[in-house]
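>>> fold the following, please.
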Amino acid sequence: MLVIAALMISSCSRESRIESRQRRLNTFRSVLPLEVRNEFDEITSRENCADAGFLLEEARTCDISVDAAIDSIVRAEFIDTFSNEDIVYFFWYYFAQVIETGSAREP
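Numbering: from 1, shown residues only. So this is what the prediction gives:
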């Protein structure tokens, strides 16, 4: 009985998929320079990711702290082989869009 109660309590405090995606998206956005973050927030389609990806590439080249932060994030997401445009697309499509549309199904 105690084990069942412990399992029920631990499952209640689990992060939902949307919460997890929001946390990960917030982490990504928090390391972006303002210009890149603004461009990222304006994305409405796949085609818009190219401009934000270019700005991200410039920011990573010019600022080693941005590069290190992005590098850490992409390693944690297992997308370290992605181009900067692909990184932007990944976070826009699988995080921002899913959160906006509410399309992440819970298990």
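>>> show me the shaky parts of the chain.
Within the chain, the ranges that satisfy pLDDT under 70 run 1-12, 107.
>>> contacts only, for the spatially most central residue of it.
Nearest residue to the geometric centre of the chain (CA atoms, centre = their mean): L25, 3.3 Å. L25 sits next to F91, F95, A96, I99 when contact means CB atoms under 8 Å, 6 or more residues apart in numbering. Heads up, the C-betas are built off the backbone N, CA and C, glycines and all.
>>> only C-alpha atoms, please: export stretch 60-79 in CSV.
C-alpha atoms of stretch 60-79 as CSV (Å, rounded to 0.1, in the frame of the first residue of the first chain):
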residue,chain,number,x,y,z
ARG,A,60,28.2,31.8,-32.6
THR,A,61,31.1,32.9,-34.7
CYS,A,62,31.4,36.3,-33.0
ASP,A,63,30.7,35.3,-29.4
ILE,A,64,32.4,32.2,-27.9
SER,A,65,30.0,32.2,-24.9
VAL,A,66,27.0,31.9,-27.3
ASP,A,67,28.8,29.2,-29.2
ALA,A,68,29.5,27.3,-26.0
ALA,A,69,25.9,27.6,-24.7
ILE,A,70,24.4,26.5,-28.0
ASP,A,71,27.0,23.6,-28.2
SER,A,72,25.9,22.4,-24.8
ILE,A,73,22.2,22.5,-25.7
VAL,A,74,22.6,20.7,-29.0
ARG,A,75,24.7,18.0,-27.4
ALA,A,76,22.0,17.5,-24.7
GLU,A,77,19.4,17.3,-27.5
PHE,A,78,21.6,14.9,-29.5
ILE,A,79,21.5,17.3,-32.5
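>>> buried residues in it?
Buried residues in stretch 60-79, counting neighbours by 16 or more other CB atoms under 10 Å, are found at R60, V66, D67, A69, I70, I73, V74, E77.
>>> ok, now stretch 44-54?
Buried, per 16+ other CB under 10 Å, within stretch 44-54: N48, C49, D51, A52, G53.
>>> residues in contact with the helix or strand harbouring the last one?
With elements delineated by DSSP states H and E, G53 resides in helix 49-62, which encompasses its position. Under the contact criterion CB under 8 Å, 6+ apart, helix 49-62 has outside partners 32-33, 35-36, 39-40, 43, 66-67, 70, 83-89, 92.
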